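Chemist: from the sequence below, what's the structure:
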Amino acid sequence: GSLWVRNIQLAIFSILIGLGATICAPTFDFVEPFKGFDAIVWALGANNAFGGLVVAVVIKYADNIMKCFSNATSTVIATFICIPLFGFEPSGLFTVGAGVVISSVLLYGKAIRLPHPIFDKVVCDTQTEISSQGYKGVLNGMDGDTEIEMELDDMEKNSSSTSNISS
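Modeler: Numbers count the residues shown, from 1 in each chain. Below you'll find the model as predicted:
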């Protein structure tokens with residue numbers, strides 16, 4: 001329910017801003033406001049509306065990191081498609097950026113691992129150690145009094161098998 005309400009609220013603000021900009025444009029025709037709108041323009045509008053709904057669903061069922069990665073990856077893929085189709089020549093800076101995007105997606109998806117011991121373990125505090133095999137230990141709370149005992153596999157927070165909170 002709240003996802004659709006939020007989308008409608010955002011759409012209303014977008015319509016008001018767009019309508020104001022359209023009416024103030026010197027080429028706006030009050031008699032024929034949709035003059036020049038052909039099938040391609042309507043298809044592009046429908047595509048953008050569908051894309052907005054897909055973004056909302058992705059954020060609801062995945063997370064914002066996945067949305068950012070998919071957005072950056074689509075930019076890189078679209079550029080690679082434009083090279084043979086339109087003769088586009090990407091700059092050196094774009095090539096570096098594309099390499100960073102591809103590397104970060106592969107690292108986030110755990111398709112590749114960095115071959116250095118520092119990336120295999122991260123120390124949280126003196127009692128708990130996280131490694132690539134998961135961890136089991138006691139995490140001290142922010143106040144120093146609360147202890148949370150957790151056991152996780154593959155460093156995924158959502159797959160916790162035990163959780164005890166004591167003060």
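Chemist: hey, let's count contacts and neighbours off CA atoms from now on
Modeler: Will do.
Chemist: look at residue 136 and report its pLDDT.
Modeler: Note on residue 136: pLDDT of 47.
Chemist: same thing with residue 11?
Modeler: On the pLDDT scale, residue 11 gets 88.
Chemist: tell me the secondary structure at it.
Modeler: Following DSSP: H, G, I helix; E, B strand; the rest coil, residue 11 is assigned to helix.
Chemist: what's the spacing between it and residue 78?
Modeler: Distance, residue 11 to residue 78, using CA to CA, to the nearest Å: 27 Å.
Chemist: go on, residue 36?
Modeler: From residue 36 to residue 78 the distance is 28 Å (CA to CA).
Chemist: got it, and residue 21?
Modeler: With CA to CA as the criterion, residue 21 and residue 78 are 30 Å apart.
Chemist: next, count neighbours for residue 12.
Modeler: By other CA atoms under 10 Å, 12 other residues sit near residue 12.
Chemist: err, residue 53, not the other one
Modeler: The burial count for residue 53: 14, using other CA under 10 Å.
Chemist: in contact with it, which residues?
Modeler: Residues counted as contacts of residue 53 (CA atoms under 8 Å, 6 or more residues apart in numbering): none.
Chemist: before we move on, what SS does it have?
Modeler: helix.
Chemist: the helices in this structure, which residues?
Modeler: Assigned by DSSP state H, the chain shows helices spanning 2-24, 39-61, 64-86, 92-108.
Chemist: what are the buried residues along the second one?
Modeler: Under the neighbour-count criterion of 16 or more other CA atoms under 10 Å, helix 39-61 has residue 56 buried.
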